[in-house]
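K.L.:
sequence first, then the predicted structure, then my questions.
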Amino acid sequence: MVFYFKATPEVGDYTIYMGIDKFENEELIRYGIPEDVWFHVDKLSSAHVYLRMHKGQTIDNISQPVLDDCAQLVKANSIQGNKINNIDVVYTPWSNLRKTSSMDVGQVGFHNPKLVRTIRVEKRINEIVNRLNKTKVERKPDLKAEREAINAAERAQIKAQGREKKRREELERLEKERQAEIRSYKGFMVAEKMTSNKDIASGSKSAQEIEDDFM
């Protein structure tokens, strides 16, 4: 079972989600996508909370209200963290999560510690937690199928972009050929068809010749 939440609507349409237990967390780790950001209470047990960012967005331009929503949800779903103030919540891109066979179920590490960010949560804010819980929806998704569908859509988009690029390149090639033909035609007109004043002079009869013809 996966729980889905909606971030504060003032900042746009963002989905936040988390697994029901550590076994579900394993599936979320396996089938995340590059737009997912993982949140967890630092050094304490807590739920694994994910934020699905928008395309092109990075971990460093997530708005503060969205970060607060994710951090509060993580704190509220930590047995220890929910009882104390001034805790740290760490977050990092899903792609930075490292999982090895020697790790326990639900346990993760990081490929690059420099991509891990920290947000300090002074206390639980019930207003935020209650608002998020009102948007809560429980679903049992086929995470593998969802991941494959997203990958297929991305591949189709890349192919479409490739076709569009080739189409533009072909149009540019044809336009260059057309312009070259126009320049060639203009050059032909000047070189072969146009008559210069010199040509006219050389081809005209002199006054004496005209007089001789007349006589």
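P.N.:
It's in. Numbering: from 1, shown residues only.

K.L.:
show me what the longest helix belonging to the chain is packed against.
P.N.:
Secondary structure of the chain read by DSSP state H shows that its longest helix is helix 143-188. In this structure, helix 143-188 makes packing contacts with helix 22-30, judged by 3 or more CB pairs under 8 Å, 6 or more residues apart in numbering; DSSP states H and E. Placement of C-beta: from N, CA and C, glycine included.

K.L.:
distance between whatever helix or strand comes next after the helix it packs on and the chain's centre?
P.N.:
As assigned by DSSP states H and E, the chain's next helix or strand after helix 22-30 is strand 36-41. Remark: strand 36-41 is offset 19 Å from the chain centroid, using CA atoms, centre = their mean, to the nearest Å.

K.L.:
point out where this protein drops to low pLDDT.
P.N.:
Applying pLDDT under 70 to the predicted model, the residue ranges of the chain that meet it are 154, 187-215.

K.L.:
and it, what are its domain boundaries?
P.N.:
2-141, 143-215 (automatic domain parsing).

K.L.:
ok, and what's touching stretch 96-114?
P.N.:
21-23, 25-26, 29-30, 32, 38, 48, 92, 95, 115-116 (CB atoms under 8 Å, 6 or more residues apart in numbering).

K.L.:
quick one: it to chain centroid distance?
P.N.:
Here the centre of mass of C-alpha atoms in stretch 96-114, compared against the chain's by CA atoms, centre = their mean, lies 24 Å away.

K.L.:
I appreciate the help and will end here.
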